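need a 3D model of the following:
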Amino acid sequence: MQRLMKMNTRDTVAVALSQIKAGEEIQFGDHTYTARQDIPQGHKIALIDFAKDDIVNKYGYPIGHATTEISKGEHVHTHNIKTNLAGEENYEYHPDLQPVTYPKRQLTFDGYRRTNGKVGIRNDLFIVPTVGCVNGIAEMIITEFKSTHPELGSFDNITVLKHPYGCSQLGDDHRMTRSILLDAVNHPNAGGVLVFGLGCENNIVAEFRTMLGDYDDSRIKFLVAQEVGNEVEAGLALLEEIFIAAKDDRREPVPISELNVGLKCGGSDGFSGITANPLLGAFSDFLIAQGGTTVLTEVPEMFGAEKMLMARAESREVYEDIVSLINNFKQYFMSHGEPVYENPSPGNKAGGISTLEDKSLGCTQKAGSAPIVDVLQYGEKLRKKGLSLLQAPGNDLVASSALAASDCQLVLFTTGRGTPFGSFVPTVKVATNNDLYANKKHWMDFNAGPLLETPMNIVLEQFIDYIIAVASGQKTQNEKNEVRELAIFKTGVTL
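Alright, predicted model coming up:
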């Protein structure tokens, strides 16, 4: 088996595909390298001698600079390299559009067509609290409802979208909470929704209802706990009305072009940018070629790779929007006195990620090569087919919730460390390596580890088949484990 992998001919480091012991001689290309220290799996080994301050390249781009002399064969990691990133930068528009194209295929999935023209891949029943005070009562209503409806009828999942907000919030925080909750109520995966308020919160149910616009009043109901005698009984009665309205819902064949897919990674390791993220990138290019839509978020994990994304803007207007997206998020960091490079996490570092550029260049592999057609602010819905960028942080739950709220019917989530979480839409966890997939099959949905030995086109076909199965109703691990969560971005003051 090959022991090392180099991502680009310009790279000055290679990734260890398996543990390398100090003193081992490794044949790689036309050269033999002697490991000067143990090199853990997924970590980097120097292919050249570096002087202090020399640039270190991976993926063909700088991932930092040497903080000391590094000899060929040494372990290259946080102890001897450092990020090149600082604050805001000045950018220039240099378009470089080289999309990988795929032939059109007549592929379909079995989905739910909504009266507003959208398509869901689930027929879910949501209780959406307007304020965190009623989370517990909402759970009581759901528990009682499930006890009287052991068969869910046409519904796939029943979920309370619990959150701690909706009151004591000001300005942007209040607007963001309300926006995400409105997005959830209007989500194409929602076959029915009970909007549940307390009655004294600043996220007032009456105002919330008005902001929904046109809606199907047989599928969306409202309850204010302080306005009824027994809120559990009232909630059960409203859920029963929704249940009856949805009893005849059925899946039907839908072109794959109707899929909106969120792209997310978390708990990365040294294989993330080699296996799982490139797989998502290939799938993104494939889906867009079929007329579908993908969304990339995690703005802080674009830092260091943003120029590559800017070069893929389909127009100067989109380019300017990407510049604003990047610099506004950097300003958000600096306004709190935090450096823009406070990343990667301890888990990332343990997996072989050394700097933010190292992580970002691997992360952006998820976006493939398609042109970027739009930039969405946090809480906005999708407007265009193709690849969009979305403003949201790197936090797994917050970013995945933002992707779901934008109308992504599912989120593809790559990880080299593993996580049990799931958003309120099906969340496909893609393992970067074989060991993780074998050890955590109750968390993980798909294994990208075979890409170290199997051609991309073969694994991609398997992945396409799997995604179509999920879109047609096959449950993901987070659904099987009843882990469906919502997290909302917060930036300001709590009263």
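
contacts made by the least confident helix or strand in the chain by mean pLDDT with the rest, please.
When the helices and strands of the chain are compared on mean pLDDT, DSSP states H and E, helix 346-350 comes out lowest with a mean of 84. For helix 346-350, the external contacting residues (CB atoms under 8 Å, 6 or more residues apart in numbering) are 77, 78, 267, 268, 269, 359, 417. The way it works is simple: take the backbone N, C-alpha and C, and place the C-beta from them, glycine included.

also stretch 478-490?
156-157, 159, 161-163, 165, 173, 176-177, 180, 184, 378, 392-393, 395, 397-398, 400-402, 420-424, 426-427, 429, 442.

list the buried residues of the lengthiest helix in the chain.
Under DSSP state H, the helix in the chain containing the largest number of residues is helix 316-335. Neighbour counts over helix 316-335 (16 or more other CB atoms under 10 Å) mark 318, 319, 321, 322, 323, 325, 326, 327, 329, 330, 332, 333 as buried.

please apply the same query to stretch 57-74.
Buried-residue list, stretch 57-74, by 16+ other CB under 10 Å: 57, 58, 59, 61, 62, 63, 64, 65, 66, 70, 73, 74.

pull up the distance across it, start to finish.
15 Å (CA to CA, to the nearest Å).

quick one: mean pLDDT for that stretch?
Throughout stretch 57-74, pLDDT has a mean value of 94.

flag the shaky bits of this structure, pLDDT-wise.
By pLDDT under 70, the low-scoring segments of the chain are 1, 87, 341-343.

the helices in the stretch 1-150 of the chain, which residues?
135-148 (DSSP state H, counting those that start in this stretch).

please read the previous query as pertaining to the stretch 251-400 of the chain.
Counting by DSSP H, counting those that start in this stretch, the helices of the stretch 251-400 of the chain are 276-289, 306-310, 316-335, 346-350, 356-363, 396-405.

turn these into TSV, including distance to residue 89.
Output for the helices of the stretch 251-400 of the chain, formatted as TSV (distance: least, CB to CB, whole Å):
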stretch	distance to residue 89
helix 276-289	24
helix 306-310	8
helix 316-335	8
helix 346-350	23
helix 356-363	13
helix 396-405	23
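
what's the closest of these to residue 150?
Between residue 150 and those, the tightest spacing by CB to CB is seen for helix 396-405, at 27.5 Å.

might you report the residue contacts of residue 97?
311, 312, 314, 371.

tell me which two of these sit farthest apart.
For the contacts of residue 97, the farthest-apart pair by CB to CB is 311 and 314; their separation is 11.0 Å.

ok, which stretches of the stretch 51-200 of the chain are strands?
55-58, 61-66, 75-76, 81-82, 108-113, 119-120, 124-129, 158-160, 190-197 (DSSP state E, counting those that start in this stretch).

each with direction, which strands does the longest one pair with?
For strand 190-197, sheet partners with direction are given as strand 124-129 (parallel), strand 220-224 (parallel), following DSSP bridges.

can you name the residues in contact with the first one?
Yep, that's strand 124-129 we're talking about. 135, 138, 141-142, 152, 155-163, 166, 181, 184-185, 187, 189-197, 235, 239, 242-243, 246, 424.

go again with 7 Å.
135, 138, 141-142, 155-163, 166, 181, 184-185, 189-196, 242 (CB atoms under 7 Å, 6 or more residues apart in numbering).

residue 284 and residue 295 touch, don't they?
No - Residue 284 is beyond contact range of residue 295, at 9.4 Å (criterion: CB atoms under 7 Å).

quick check: neighbours shared by those two?
residue 263.

those strands in the stretch 351-495 of the chain, which residues are they?
Going by DSSP E, counting those that start in this stretch, the stretch 351-495 of the chain shows strands at 372-376, 386-390, 410-415, 427-431, 446-447.

rewinding a little: is there a quick ChimeraX command that grabs whichever of the contacts of helix 346-350 are buried?
Per 16+ other CB under 10 Å, the buried members of the contacts of helix 346-350 correspond to this ChimeraX selection:
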select :77,267,268,269,359,417
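
would you mind writing the CA trace of the longest helix of the chain as PDB?
Provided in PDB are the C-alpha atoms of helix 316-335 (Å, rounded to 0.1, in the frame of the first residue of the first chain):
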ATOM      1  CA  ARG A 316     -18.100  40.700 -10.400                       C
ATOM      2  CA  GLU A 317     -21.300  41.200  -8.400                       C
ATOM      3  CA  VAL A 318     -20.900  37.700  -6.800                       C
ATOM      4  CA  TYR A 319     -17.200  38.400  -6.300                       C
ATOM      5  CA  GLU A 320     -17.900  41.500  -4.400                       C
ATOM      6  CA  ASP A 321     -20.500  39.600  -2.300                       C
ATOM      7  CA  ILE A 322     -17.800  37.000  -1.400                       C
ATOM      8  CA  VAL A 323     -15.300  39.700  -0.400                       C
ATOM      9  CA  SER A 324     -17.900  41.200   1.900                       C
ATOM     10  CA  LEU A 325     -18.800  37.800   3.300                       C
ATOM     11  CA  ILE A 326     -15.100  37.100   4.200                       C
ATOM     12  CA  ASN A 327     -14.200  40.600   5.500                       C
ATOM     13  CA  ASN A 328     -17.400  41.000   7.500                       C
ATOM     14  CA  PHE A 329     -16.800  37.700   9.300                       C
ATOM     15  CA  LYS A 330     -13.200  38.700  10.000                       C
ATOM     16  CA  GLN A 331     -14.500  42.000  11.400                       C
ATOM     17  CA  TYR A 332     -16.900  40.000  13.600                       C
ATOM     18  CA  PHE A 333     -13.900  38.100  15.100                       C
ATOM     19  CA  MET A 334     -11.800  41.300  15.500                       C
ATOM     20  CA  SER A 335     -14.700  43.200  17.100                       C
END
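
having no further points to raise, I will conclude here.
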